[in-house]
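J.: next input, structure requested:
(4 chains)
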There are 2 protein chains.
Amino acid sequence: MRSLVGDRAPGTPAPSERELVDRFGVARMTVRQALDALVGEGVLERHPGRGTFVAGPRRTPTGVRGLTDELALRGVVVETRTLVAESVPAGEAMAGAFRVHPEEPLVRWVRLRVGDGRPVCLSETYLPAAFAGDLLDHLPASLYDELAARGHRPTWAEDAVSAGLATDEEATLLEVPQGSPVLRLTRRALDGETVVEMSRSVLRGEDYTLHLQLRD
Amino acid sequence: MRSLVGDRAPGTPAPSERELVDRFGVARMTVRQALDALVGEGVLERHPGRGTFVAGPRRTPTGVRGLTDELALRGVVVETRTLVAESVPAGEAMAGAFRVHPEEPLVRWVRLRVGDGRPVCLSETYLPAAFAGDLLDHLPASLYDELAARGHRPTWAEDAVSAGLATDEEATLLEVPQGSPVLRLTRRALDGETVVEMSRSVLRGEDYTLHLQLRD
DNA sequence: CAGTGGTCTAGACCACAGT
DNA sequence: CTGTGGTCTAGACCACTGG
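T.: Next comes the predicted model:
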């Protein structure tokens, strides 16, 4: 069915509902349901009294992506330097966030992301050992891809963004002068009701820009 | 129809489809379409083989809101001090953004937002004079409410966020020490295909946190 | 005007939950 | 097993669009 609109130019009319009824020998309600799905996906647009047409490219709001994917989208090749990768007890704060016991182990992963040869982001990520324990054995290039592969792709994230000044350590790692402005980003990422990631990131403030698309 | 689920607790079962058929004397397809709409709105959840239930509160991604609304959501009372409100020629850059002639007039509105008595944000907003020209006569408390009232509620926005250091002028207006970290936010807001707002904002970086909810 | 999508009827069979 | 939602048929009338 999807083949009927495969890569056609936006505005191209789709076959009418009654024509599809004849062509496939099904009821019109069935055709409508199939078309409804495509309309829901933004593939088609209905125009009452005129017809159904191939929709233009849809604007999609910023989704839940890791920095690696985010930068890759902009054509930046990202290299990751792992500074720390260990298993640590959750502790009070993280235990609350992950809703586990404070003694429960978490994976802690401190990374420096380098884009096009320059340090861009310093991040500290916590993951539940329950499904990320063996991550320490072979660290993935993209955390979000790896989570997805394990059936825990984050579908929801809450970010808090503020500006600050680089500490001495941050300045050294990010290779910026002390006191340079940085973006501080803390994230809580969920898959359904389970928290799959908590992270704190520090980004070069003047060079890196966070791009957001918002709908409605 | 919506009355059937009016403010019931999440998890409460809705009447079965066949029961609604009897009660309203309509076909089941009709009932399903009505229920489909409510499911689409996130009011109901279907559970095949079990029934249809009142859905829990839905997580909604960050939408297109002005700073006034944004802060109001967090209980901060915002006062706006207008520094400049004038009509100016678009100029090259803005003409491109708004897709108008460089000589076309735009409304330029420079505001200082004060939340709970402290300056929070300095913003420079450009609007098409076509539907915002008379805005200069009586400036609204909430720009987005006013745009909505004029049938130009922004449904799409693209933000770029970065960190920087306050210039002398910014520091003075925001009442922070010179060289303080600030969040710089530039926004392009659209209603459909028409650009309704371009703005540049500077926010106190250490005190103000941008909160984002991302889906999928 | 003829053709379109929007909506509706009154049935039907299926896969799946819970008992 | 019964009841649920998921899907389907083969018609029907409406409001709207374009020529």
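
J.: can you list the buried residues in the longest helix belonging to chain A?
T.: Identified as the longest helix of chain A according to DSSP state H is helix A:28-40. By 16 or more other Cβ atoms under 10 Å in any protein chain shown, the buried positions in helix A:28-40 come out as A:Val31, A:Ala34, A:Leu35, A:Leu38. Glycine gets a C-beta too; all of them are placed from N, C-alpha and C.

J.: now the lowest-mean-pLDDT helix or strand in chain A: how far from the chain's centre is it?
T.: Ranked by mean pLDDT, DSSP states H and E, the weakest helix or strand in chain A is helix A:129-132, scoring a mean of 86. Computed by Cα atoms, centre = their mean, to the nearest Å, the chain-centroid distance of helix A:129-132 equals 20 Å.

J.: on that earlier part again, from the buried residues of helix A:28-40, pick the one nearest DNA strand C.
T.: Checking the buried residues of helix A:28-40 against DNA strand C by Cβ to the nearest atom of the strand gives A:Leu35 as the nearest, at 7.5 Å.

J.: wait, doesn't the closest one sit right on A:Phe53?
T.: No: with contact defined as Cβ atoms under 8 Å, A:Leu35 does not reach A:Phe53; the gap is 11.3 Å.

J.: domains in chain A, by residue range?
T.: A:2-54, A:67-204 (automatic domain parsing).

J.: name the helix or strand for the residue most central in space within chain A, please.
T.: Compute the mean C-alpha point of chain A, and by Cα atoms, centre = their mean the closest residue is A:Arg65, 1.7 Å away. Here A:Arg65 sits in a region with no helix or strand, counting by DSSP states H and E.

J.: picking up where we left off before, can I get the least confident helix or strand of chain A in PDB, CA atoms only?
T.: C-alpha atoms of helix A:129-132 as PDB (Å, rounded to 0.1, in the frame of the first residue of the first chain):
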ATOM      1  CA  ALA A 129      23.500  -1.900  36.200                       C
ATOM      2  CA  ALA A 130      20.400  -4.100  35.700                       C
ATOM      3  CA  PHE A 131      20.700  -3.800  32.000                       C
ATOM      4  CA  ALA A 132      23.900  -1.800  31.500                       C
END
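
J.: pull out the buried positions in that helix.
T.: Buried, per 16+ other Cβ under 10 Å, within helix A:129-132: A:Ala129, A:Phe131, A:Ala132.

J.: tell me who's in contact with the second one.
T.: Yep, that's A:Phe131 we're talking about. A:Arg150, A:His152, A:Val196 (Cβ atoms under 8 Å, 6 or more residues apart in numbering or on different chains).

J.: what do you get if the cut-off is 7 Å, keeping everything else the same?
T.: A:Arg150, A:His152 (Cβ atoms under 7 Å, 6 or more residues apart in numbering or on different chains).

J.: for the first one, same thing?
T.: Each residue near A:Ala129 by Cβ under 7 Å, 6+ apart is listed here: A:Ser87, A:Pro105, A:Leu106, A:Val107.

J.: try it again at 6 Å.
T.: Applying Cβ atoms under 6 Å, 6 or more residues apart in numbering or on different chains to A:Ala129 gives the contacts A:Pro105, A:Leu106, A:Val107.

J.: what of A:Thr155?
T.: A:Asp191, B:Asp216.

J.: now it. Its backbone dihedrals?
T.: phi -110, psi 0 (degrees, to the nearest 10).

J.: thinking again about what came up before, deepest-packed of the domains of chain A, please.
T.: When the domains of chain A are scored by mean count of other Cβ atoms under 10 Å in any protein chain shown, the highest mean neighbour count falls to domain A:67-204 (a mean of 17).

J.: start and end of it, how far apart?
T.: 13 Å (Cα to Cα, to the nearest Å).

J.: and A:Thr52, how far is that from A:Arg32?
T.: A:Thr52 is 10 Å from A:Arg32, where distance means Cβ to Cβ, to the nearest Å.

J.: for A:Val107, same thing?
T.: Counting by Cβ to Cβ - A:Val107 and A:Arg32 are separated by 48 Å.

J.: which bits of chain A sit near DNA strand D?
T.: A:Gly25, A:Val26, A:Ala27, A:Arg28, A:Met29, A:Thr30, A:Gln33, A:Ala34, A:Pro48, A:Gly49, A:Arg50 (Cβ under 7 Å from any atom of the strand).

J.: check which helix or strand the second one maps to.
T.: Using DSSP H and E, A:Val26 is not contained in any helix or strand.

J.: for whichever residue of chain A sits closest to DNA strand C, grab phi and psi.
T.: Nearest residue of chain A to DNA strand C: A:Ser16, at 3.2 Å (Cβ to the nearest atom of the strand). Main-chain torsions, A:Ser16, degrees, to the nearest 10: phi -70, psi 160.

J.: not counting sequence-adjacent ones, nearest residue to it?
T.: A:Gly51 (6.2 Å; Cβ to Cβ, 6 or more residues apart in numbering or on different chains).

J.: and that neighbour, what's its pLDDT?
T.: At A:Gly51, the model reports a pLDDT of 94.

J.: test my guess that it contacts A:Ala14.
T.: No: taking Cβ atoms under 6 Å as the definition, A:Gly51 is not a contact partner of A:Ala14, at 7.2 Å.

J.: residue ranges for the strands of chain A, please.
T.: A:44-47, A:51-54, A:78-89, A:105-115, A:118-128, A:156-165, A:181-191, A:194-204, A:210-215 (DSSP state E).

J.: in a markdown table: those strands, plus distance to A:Ala9.
T.: Shown next, in a markdown table, are the strands of chain A (distance: least, Cβ to Cβ, whole Å):
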| stretch | distance to A:Ala9 |
| --- | --- |
| strand A:44-47 | 13 |
| strand A:51-54 | 7 |
| strand A:78-89 | 34 |
| strand A:105-115 | 35 |
| strand A:118-128 | 38 |
| strand A:156-165 | 35 |
| strand A:181-191 | 37 |
| strand A:194-204 | 39 |
| strand A:210-215 | 24 |
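
J.: so for B:Val182, which of those strands sits nearest?
T.: strand A:156-165 (5.7 Å; Cβ to Cβ).

J.: quick one, the closest one and strand B:210-215 angle?
T.: 150 degrees (axes from the mean of the first three to the mean of the last three Cα atoms, to 10 degrees).

J.: coming back round to it: now the residue nearest to the centre of chain A: closest residue in space, sequence neighbours ignored.
T.: A:Tyr144 (6.5 Å).

J.: equivalent analysis for A:Val77, please.
T.: Closest to A:Val77 by Cβ to Cβ, 6+ apart is A:Asp116, at 6.5 Å.

J.: for the spatially closest residue to A:Thr52 that is not a sequence neighbour, grab phi and psi.
T.: What sits nearest to A:Thr52 in space, not counting adjacent residues and going by Cβ to Cβ, 6+ apart, is A:Ala14, at 4.4 Å. Dihedral pair for A:Ala14: phi -90, psi 160, per degrees, to the nearest 10.

J.: fine by me, thanks again.
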